[in-house]
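Asker: this one's structure only:
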């Protein structure tokens, strides 16, 4: 099948200029793609200039879907259907599976953030994080998660209050520049604009073995230290040796 560019009313069918077939007939199905209207009635005829020659040649045609006033469109994917609403629809998933909402009403309500983190301190010896703020959750049940330096932080009992809280990191902090992230049941509690980041430094304490190494490579070297990245999905590590030997 070939169609002229931009013209949907001229279609040519051929088969290497051979029109002799031993089978009883040759079927062609023409599907109009990219046209949003009925092509109307049409029939296949022999070309006037180069007619189809042979014995007992006849053309039989029929319109599978007769001409009508109804337009035909390919099915529209459901996710492409949109409507204007005061509460727009959202895509909801549970455990990576799509959710089918009752009456297609997967709505949401936007809640203004309550409270603010004004400052924070971090003790590298005890891994304790202290947050100071205003209008913060007064109960630990209202706090969903506290994060700092790529580690979750467990709340210290009895320290949660409207003006702040204390927590201890579940693991060693990762080196970098960080600010805390406090997520309550109603959303993330923002940090004040003047809250400065805190730098956590990495330190290499040893690299072993450090003698009798193969000059062409192949030795496994264990590097030990503090505050190394632990999640290589979100961190990149580059190791450089200054000694050419």
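Answerer: Happy to help now that I have it. Since the model is a prediction, treat every value here as computed from it, not as a measurement.

Asker: Next, the buried residues of the helix or strand hosting residue 120.
Answerer: Here residue 120, judged by DSSP states H and E, is contained in strand 116-123. Within strand 116-123, the residues that qualify as buried are 116, 117, 118, 120, 122, counting by 16 or more other C-beta atoms under 10 Å. Just so you know, the C-beta spots here come from the backbone N, C-alpha and C atoms, and that holds for glycine as well.

Asker: ditto for stretch 196-212
Answerer: 198, 200.

Asker: again, but for stretch 148-157
Answerer: 148, 149, 150, 151, 153.

Asker: Can you give me the separation between the first one and residue 206?
Answerer: Distance, residue 148 to residue 206, by C-beta to C-beta, to the nearest Å: 27 Å.

Asker: Return the set of buried residues in the next helix or strand after the strand holding residue 120.
Answerer: Sequence-wise, the next helix or strand downstream of strand 116-123 (DSSP H and E) is strand 128-134. Using 16+ other C-beta under 10 Å as the test for burial, strand 128-134 gives 128, 129, 130, 131, 133.

Asker: so who does residue 205 touch?
Answerer: If a contact means C-beta atoms under 8 Å, 6 or more residues apart in numbering, then residue 205 has 224, 225, 226 as its contacts.

Asker: Which strand or helix spans the closest residue in space to the second one that isn't next to it in sequence?
Answerer: In space, and not counting its chain neighbours, residue 225 is closest to residue 204: 4.3 Å by C-beta to C-beta, 6 or more residues apart in numbering. Using DSSP H and E, residue 204 sits within strand 203-208.

Asker: and that strand, which strands flank it?
Answerer: Strand 203-208 has the following strand partners under DSSP bridges: strand 222-226 (antiparallel).

Asker: Can you give the contact residues for the partner strand?
Answerer: 172, 202, 203, 204, 205, 206, 207, 208, 239.

Asker: what two of the residues you listed are the furthest from one another?
Answerer: 172 and 208 (20.3 Å; C-beta to C-beta).

Asker: Next, give phi and psi for the nearest residue to residue 114 once chain neighbours are set aside.
Answerer: The shortest distance from residue 114 to any non-neighbouring residue, by C-beta to C-beta, 6+ apart, is to residue 135 (5.7 Å). Backbone geometry at residue 135, expressed as degrees, to the nearest 10, gives phi 50, psi 40.

Asker: Equivalent analysis for residue 140, please.
Answerer: phi -60, psi -30.

Asker: Tell me who's in contact with it.
Answerer: Residue 140 touches 155, 157, 160, counting by C-beta under 8 Å, 6+ apart.
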